[in-house]
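>>> sequence first, then the predicted structure, then my questions.
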Amino acid sequence: MMLHMYAILFPNLNPVALSLGSLEIRWYGIAYVVGILLGWAYSKYLVRRFSSSIQLKDIDDFIVWATLGIVAGGRLGYALFYKPWEYLSSPLKLLYLWQPGMSFHGGLLGVIIVVVWFCHHRKLPILVFGDIIASAAPIGLFFGRIANFINSELYGRVTDVPWAVIFPNGGPYPRHPSQLYEAVLEGALLFLLLSGIEHFTKRRQTNPGFLFAVFLLGYAAARIIVETVRQPDHHLGYFVGGSTWGQLLSIPIVVGGLTLLYFSILGRRNNK
C-alpha cells in the first residue's frame with residue numbers, strides 16, 4: 001500500500017497525435033522528425049561557427065543518409081539484439097515500421113556506417129564530421145525518450161520514490177519514470193556538456209574525434225546508470241551479476257569511446 005501513497009498517475013497522453021481517417025500520426029514519429037530536423041539545424045550552426053573543412057551543403061546532403069542510418073540501423077539492431085528468432089522466421093516484419101521496435105545501439109552503428117561512407121565518398125575528414133554529428137545527436141535522444149514516456153514504454157522498475165509513476169502498460173504498481181531520466185542524462189545534460197566543450201575549449205580544432213568520444217562515453221555512462229532502475233525486457237531478464245542487456249550492449253560503446261579518445265589525444269601529441 002505504501003507504494004501507492006506517493007505514486008503519480010500517468011498523465012492522459014494519447015500516443016496518437018493526429019488521426020486522419022485510417023492514417024495515424026504518432027508522437028513517436030513526430031519525435032524522430034523533430035529530433036532529426038533540429039539536429040540538422042544545429043549541425044549547420046556548428047559548421048558556420050567552427051568548421052572550415054565541412055560545408056553547409058555537406059550537412060544538407062547528409063540528412064537523408066542520417067535518417068536512413070537511424071531507421072535501418074535501429075530496426076535491424078532491434079531484430080538482431082532483442083528478437084533475432086522472431087525476425088528470422090518473419091523477415092518482412094523488419095518493414096513494419098509502424099510497429100514498435102527500435103534499438104539505439106543499432107541506430108548508432110547505422111549512423112557510424114553512413115558517416116564513414118559519406119565522408120569517404122565526399123573526401124571529408126571523418127573525425128571532424130563525426131564530431132559535428134555527435135554534438136547534435138543528444139537532441140534526437142531527448143525527443144526520442146520523451147516519446148517513450150508518452151507511449152508508456154521502456155518504463156522503470158517498481159519503486160516508492162515520491163515521483164514514481166503508474167504507467168498504463170506497467171501494471172498497478174508505481175515505477176521509475178526511467179524514460180525521463182534518460183531524456184535528461186542522454187539528451188539535455190550530454191548536449192550541454194558537448195556544447196560547453198565546443199564553445200569554451202579548443203578541443204574541436206586540436207583533437208578531432210574528441211567530441212565524438214565524449215558523446216560515446218557520455219551516452220554509455222548514462223545508459224548504464226539508468227539501466228539500474230529501468231525494467232529489463234521481459235523476454236531477456238537479467239544477466240550475470242544482475243546486469244541488463246542494455247548495459248552489456250553499452251560496453252562496446254565504452255571501449256570504442258575510450259579508444260577514440262586515446263587516438264584523439266595521441267594525434268595531438270604527435271602533431272606537436
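Right, received. Where do you want to start?
>>> please count neighbours and contacts with C-alpha atoms only from this point.
Fine.
>>> the stretch 1-150 of the chain: strands as residue ranges?
For the stretch 1-150 of the chain, applying DSSP state E, counting those that start in this stretch gives strands covering 8-9, 16-20, 23-26.
>>> same for the first one, what does it pack against?
Applying 3 or more CA pairs under 8 Å, 6 or more residues apart in numbering; DSSP states H and E, one finds that strand 8-9 makes contact with strand 165-166.
>>> which one of the strands of the stretch 1-150 of the chain lies nearest to residue 172?
Among the strands of the stretch 1-150 of the chain, strand 8-9 comes nearest to residue 172, with 10.2 Å by CA to CA.
>>> partner strands of that closest one, parallel or antiparallel?
strand 165-166 (parallel) (DSSP bridges).
>>> mean confidence for the partner strand?
Here strand 165-166 scores 93 as its mean pLDDT.
>>> what do you get for stretch 256-270?
What stretch 256-270 shows for mean pLDDT is 83.
>>> try stretch 130-145
95.
>>> next: stretch 20-36.
Per-residue scores along stretch 20-36 average to 84.
>>> in that stretch, which residues are buried?
For stretch 20-36, the neighbour count (16 or more other CA atoms under 10 Å) marks 26, 27, 28, 29, 30, 31, 32, 33, 34, 35, 36 as buried.
>>> tabulate these in TSV, adding columns for distance to residue 139.
Below are the buried residues of stretch 20-36 laid out as TSV (distance: CA to CA, whole Å):
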residue	distance to residue 139
26	19
27	16
28	14
29	15
30	13
31	10
32	10
33	11
34	9
35	6
36	8
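>>> and residue 210, what does it touch?
131, 203, 204, 260, 261, 264, 265 (CA atoms under 8 Å, 6 or more residues apart in numbering).
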